[in-house]
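**Q** Take a look and give me a structure for this.
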Amino acid sequence: MDRDPISRRASTRLWIPFACVLFLIALAVSALVIPQLRLLHLLQGVIYVAILVLARRNSPWAYGAGVAVAGVWNSLNLFITHLMQAGAVAIWSFLRSGQVRRPDTMMVTVAGIAHFVLIIACLDAVIHSQNERKWRKFVLGGVLALAYFVVIVALARPR
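**A** Below is the predicted model:
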């Protein structure tokens, strides 16, 4: 069934908040388990609150931020740290045994799934946006979000 652009934007408004809230839950659980991450995760949560607020206004800045931060974060956790794979193993172990052994690692996989949803929803939203100069704003939103992300990681990461 082919949807008109208005329907797509309505569904996107649903998926962006879902992805942001799911990621914020993963941040909160991880911060509860590992207290050293609390400041970093609090500052990181600001990005997702900003994406939520700006996306409700159909802002390409939010869509760029969502794609850039989620893309970089998922790339790091898939290809560098491999924590998404370790989290998937921990989730599978939980499903088989009923025992939670590494909730923080499990949350990396949950957060990664939230990010995949966020990337798709943000791309859908920007493609169907009627905003003039949407691609410039999309790119600048991504650059600013990544700059903020780099700064908070440099300042607040556990040593």
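
**Q** From now on I want contacts and neighbour counts done on CA atoms only, so please keep to that.
**A** OK.

**Q** Report the spatially nearest residue to the residue nearest in space to the middle of the chain, omitting neighbours in sequence.
**A** Nearest to the geometric centre of the chain sits H115, at 4.0 Å (CA atoms, centre = their mean). In this structure, H115 finds its nearest non-sequential neighbour in A70, 5.1 Å apart by CA to CA, 6 or more residues apart in numbering.

**Q** The one you found and A121 touch, don't they?
**A** No. A70 lies out of contact with A121 (CA atoms under 8 Å); the separation is 11.5 Å.

**Q** Could you give me the buried positions within whichever helix in the chain runs longest?
**A** In the chain, with assignment by DSSP state H, the single longest helix is helix 5-33. Across helix 5-33, burial judged by 16 or more other CA atoms under 10 Å covers 8-9, 12-13, 15-31.

**Q** quick one: G64 and L43, what's the gap?
**A** With distances taken as CA to CA, to the nearest Å, G64 is found 19 Å from L43.

**Q** who's more crowded, these two?
**A** With neighbours defined as other CA atoms under 10 Å, G64 and L43 compare such that G64 has more, 29 against 15.

**Q** ok, the more buried one touching K134?
**A** No. In this structure G64 lies outside contact range of K134 using CA under 8 Å: 9.5 Å.

**Q** residue contacts, the residue nearest to H115?
**A** G112, H115, F116, L118, I119 (CA atoms under 8 Å, 6 or more residues apart in numbering).

**Q** and if you look at T105?
**A** L83, M84, A86, G87, A90.

**Q** Of these, which is the nearest to M106?
**A** G87 (4.1 Å; CA to CA).

**Q** wait, the closest one sits on M106?
**A** Yes. With contact defined as CA under 8 Å, G87 and M106 form a contacting pair (4.1 Å).

**Q** Looking at the two, which one has more neighbours?
**A** M106 (25 against 21).
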